[in-house]
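J.: Mind folding the following:
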Amino acid sequence: MLGMTPEAEQGAREPHPAWRRVLLARHPKRPHSLDYIQALIADFDEIHGDRLFGDDPAIVAGFGTFRGRPVAVVAEQKGRDTKQKVFRNFGMPKPEGYRKALRVMQTAAKFGRPVISLLDTPGAYPGIDAEERGQAEAIARNLREMARLATPVIAVCIGEGGSGGALALGVGNVVLMLENAVYSVISPESCAAIIYRDAAKAEQAAAALRLTAQDLRELGLIDGIVPEPPGGAQEDPAAAASLLGEHLAARLEELSAFDGRALVDQRYAKFRGMGNFFA
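T.: All right, here's what the predicted structure looks like:
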């Protein structure tokens with residue numbers, strides 16, 4: 001624009017659609033997992049601890065009922081204010097969180113309860129203490145064990161789906177994303193720092209990563225997109241929860257026709273087919 005500096009002109013232009021989704025996925029007022037649990041899951045009873053080390057507040061796990069159907073819920077939880085963010089470790093789980101989630105999912109499979117998994121994390125915690133307690137092993141174990149759970153598993157990316165930190169709870173018979181959620185192997189900032197040697201080029205990296213729900217649906221990596229209220233879920237959390245509830249109910253009804261063996265086979269075939277462009 002005439003008379004504007006390049007920096008001002010960049011700030012005035014409309015952001016790339018992929019970057020706009022990233023900003024919405026990170027919106028400070030966007031509903032988090034506990035908001036959806038409160039809205040959709042009756043009589044939720046949270047389970048704490050992994051029976052090995054301790055509890056991890058970055059992952060919420062427990063049992064309740066969804067529209068009269070007993071279910072298990074595992075979810076990644078970010079904080080809202082500074083105190084909550086520190087308590088929840090900014091939504092970045094540690095090994096004990098993944099082990100807690102696995103304990104709940106295996107209990108659900110034992111008693112034939114469907115599992116609803118809510119993904120919302122920038123990534124697994126990369127700190128020294130997490131590595132000392134086997135972060136990579138905990139993620140890998142979850143991937144293996146979720147693949148063979150003989151019960152329906154529905155995973156929903158409600159905000160940020162950050163790499164293995166999200167995938168460790170994301171091996172589902174059905175994988176959904178909210179309209180403005182993002183799911184990627186790496187954050188745009190980290191990708192830009194590696195590829196372009198400049199973290200400030202995160203918007204460019206977001207476009208290249210193809211991390212939006214629309215991109216992932218086109219690539220066959222997710223099964224459906226849950227619409228959000230105009231402007232994003234933060235504009236009407238109750239409506240966002242209602243829309244998610246309708247999709248969960250429909251998918252659970254579809255999966256109820258499968259027995260345990262068929263669910264495992266379907267889930268295995270689904271993930272084995274990802275990235276295969278020559279079949």
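J.: C-alpha from now on. contacts and neighbour counts both.
T.: OK.
J.: tell me the SS of S117?
T.: Under DSSP: H, G, I helix; E, B strand; the rest coil, S117 falls in the strand class.
J.: wait, doesn't it sit right on G170?
T.: Yes. Using C-alpha atoms under 8 Å, S117 is in contact with G170, at 6.9 Å.
J.: So what touches stretch 254-274?
T.: Defining contact as C-alpha atoms under 8 Å, 6 or more residues apart in numbering, one finds that stretch 254-274 is touched by A147, R148, L149, A150, T151, P152, V171, G172, N173, G220, L221.
J.: in it, what counts as buried?
T.: Of the residues in stretch 254-274, L255, G260, L263, V264, Q266, R267, Y268, K270 count as buried by neighbour count, 16 or more other C-alpha atoms under 10 Å.
J.: distance between the ends of stretch 205-219?
T.: Start to finish, the residues bounding stretch 205-219 are 18 Å apart (C-alpha to C-alpha, to the nearest Å).
J.: buried stuff in that stretch?
T.: Going by 16+ other C-alpha under 10 Å, stretch 205-219 has these buried residues: A205, A206, L209, R210, L211, T212, A213, Q214, D215, L216, R217.
J.: Also stretch 219-234?
T.: L221, I222, G224, I225, V226, P227, E228, P229, G232, A233, Q234.
J.: Could you confirm the last one falls within a helix?
T.: Yes. Q234 sits within a helix when classified using three-state DSSP.
J.: Would you mind measuring from it to V226?
T.: In this view, Q234 and V226 are 14 Å apart by C-alpha to C-alpha.
J.: any idea how far L221 is from the spatially closest residue to R21 that is not a sequence neighbour?
T.: Of all residues not flanking R21 in the chain, N180 sits nearest, at 5.2 Å (C-alpha to C-alpha, 6 or more residues apart in numbering). Note on N180: its distance to L221, by C-alpha to C-alpha, is 16 Å.
J.: Strand partners (parallel or antiparallel) of the longest strand along the chain?
T.: What stands out as the longest strand in the chain, according to DSSP state E, is strand 153-162. Note on strand 153-162: by DSSP bridges, its sheet partners are strand 115-121 (parallel), strand 174-178 (parallel), strand 182-184 (parallel).
J.: Mutual contacts of S117 and G170, please.
T.: With C-alpha under 8 Å, 6+ apart as the test, S117 and G170 both reach A155, V156.
J.: returning to that earlier point: identify, from the buried residues of stretch 205-219, the entry nearest to P15.
T.: A206 (10.8 Å; C-alpha to C-alpha).
J.: mind listing the helices in the protein by residue range?
T.: 6-12, 17-25, 33-40, 82-87, 95-110, 128-132, 135-147, 163-167, 188-195, 202-209, 213-218, 237-255, 260-272 (DSSP state H).
J.: Show me how far the second one is from its chain's centre.
T.: Averaged C-alpha coordinates place helix 17-25 at 16 Å from its chain's average position (C-alpha atoms, centre = their mean, to the nearest Å).
J.: what angle separates it from strand 153-162?
T.: 100 degrees (axes from the mean of the first three to the mean of the last three C-alpha atoms, to 10 degrees).
J.: For the stretch 101-250 of the chain, give me the ranges with low pLDDT.
T.: Within the stretch 101-250 of the chain, the set of residues satisfying pLDDT under 70 is empty.
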